[in-house]
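Q: Using only what follows, build the 3D model:
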Amino acid sequence: MDLGRPHSYIDLEPGTAVYSSDGEMVGKVERVNAAVDLDIFDGIVIDRGHRAGGLRYVGADAVREIFERGVVLSISAGQADRLPAPDSPG
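A: The predicted structure follows:
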């Protein structure tokens, strides 16, 4: 899988594929949560699709690497199945 060159969260586009640590595509980037002016990356919201639970929040600590054509998480596909909704507390 060629995801291209490493990229910054600042350049991350909606629709970019998101992969689990075990290589499974688990969704697409919906939006980036960040305070760009302070250079603080909080995480991403991914769209898992209607059958997989809709929108889910991935904290920055679970984002392993960001590339031109994909994001690789530090969690497995099974763990991605249990990600919280973006508006869930805590």
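Q: hang on, Ala80 packs against Asp22?
A: No. Taking contacts as Cβ atoms under 8 Å, Ala80 lies outside contact range of Asp22: 9.6 Å. In this view, the C-beta of every residue, glycine as well, is placed from N, C-alpha and C.
Q: So for those two, which sits in the more crowded spot?
A: For the pair Ala80 and Asp22, the greater number of neighbours falls to Ala80 (25 against 13), based on other Cβ atoms under 10 Å.
Q: so what's that one up against?
A: Ser20, Glu24, Val26, Gly27, Arg48, Arg56, Val58, Leu73 (Cβ atoms under 8 Å, 6 or more residues apart in numbering).
Q: Quick check on the residues you listed: which are buried?
A: Those of the contacts of Ala80 that meet the buried threshold are Ser20, Val26, Gly27, Arg48, Arg56, Val58, Leu73, by 16 or more other Cβ atoms under 10 Å.
Q: Throw the residues you listed into TSV and include distance to Pro6, secondary structure and pLDDT, thanks.
A: Below are the buried ones among the contacts of Ala80 laid out as TSV (distance: Cβ to Cβ, whole Å; DSSP: H, G, I helix; E, B strand; the rest coil; pLDDT from 0 to 100):
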residue	distance to Pro6	secondary structure	pLDDT
Ser20	19	coil	97
Val26	20	strand	96
Gly27	20	strand	96
Arg48	24	coil	94
Arg56	24	strand	96
Val58	18	strand	98
Leu73	15	strand	98
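Q: Distance to Asp37 for the residues you listed - can I get that in a markdown table?
A: Formatted as a markdown table, the buried ones among the contacts of Ala80 follow (distance: Cβ to Cβ, whole Å):
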| residue | distance to Asp37 |
| --- | --- |
| Ser20 | 31 |
| Val26 | 30 |
| Gly27 | 27 |
| Arg48 | 30 |
| Arg56 | 26 |
| Val58 | 22 |
| Leu73 | 26 |
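Q: can you pull the contacts of Val72?
A: Leu3, Tyr19, Ser21, Val63, Arg64, Glu65, Ile66.
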